[in-house]
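[1] Here's my sequence, what's the structure:
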Amino acid sequence: MADEIKRIALDGLVNILGGCCGTTPAHIEKIALAVQEVSNQEKPVLLKNILGLSGLGSLEYKTR
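    Predicted structure coming up:
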């Protein structure tokens with residue numbers, strides 16, 4: 001699983017990684033080791049009066 005997560009992270013398709021119920025510290029350690037060299041995605045600049053939503057792409061809704 002760690003190898004698959006690394007591939008997905010290298011493609012820039014994740015914003016955060018972690019576990020769920022049943023995930024052990026050993027699982028998290030393997031995931032962390034697999035992605036330790038993957039660079040973080042650039043954080044967007046937050047603008048006033050704009051609703052920003054995130055996913056694989058960004059959406060900005062400007063208010064008046």
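[2] So, low pLDDT: which residues of this structure?
    54, 64 (pLDDT under 70).
[3] So which residue is smack in the middle of it?
    Nearest to the mean C-alpha position of the chain, by Cα atoms, centre = their mean, lies residue 15 at 1.1 Å.
[4] if I look at that residue, how far off is residue 42?
    11 Å (Cβ to Cβ, to the nearest Å). Heads up, the C-betas are built off the backbone N, CA and C, glycines and all.
[5] tell me the contacts of the nearest residue to residue 5 once chain neighbours are set aside?
    Nearest non-adjacent residue to residue 5, counting by Cβ to Cβ, 6 or more residues apart in numbering: residue 31, 5.6 Å away. Contacts for residue 31 (Cβ atoms under 8 Å, 6 or more residues apart in numbering) come out as 1, 2, 5, 17, 19.
[6] Let me know the closest of those to residue 63.
    Closest approach to residue 63 among those (Cβ to Cβ): residue 17, at 32.6 Å.
[7] Check the gap between residue 13 and residue 24 for me.
    24 Å.
[8] now swap in residue 60 and tell me
    From residue 60 to residue 24 the distance is 39 Å (Cβ to Cβ).
[9] likewise residue 35?
    Residue 35 sits 17 Å away from residue 24, going by Cβ to Cβ.
[10] neighbour count winner among the two?
    Remark: of residue 35 and residue 24, residue 35 carries more neighbours, 17 against 9, as counted by other Cβ atoms under 10 Å.
[11] how about the nearest residue to the more buried one, chain neighbours excluded?
    Excluding the flanking residues, the one nearest residue 35 by Cβ to Cβ, 6+ apart is residue 9, at 4.8 Å.
[12] Please enumerate residues in contact with the host helix or strand of the one you found?
    Element membership of residue 9, judged by DSSP states H and E, is helix 2-10. Applying Cβ under 8 Å, 6+ apart, the external contacts of helix 2-10 come out as 14, 17, 30, 31, 33, 34, 35, 38.
[13] Quick check: the residue nearest to residue 5 is in a helix.
    Yes: read with DSSP: H, G, I helix; E, B strand; the rest coil, residue 31 is one of the residues of a helix.
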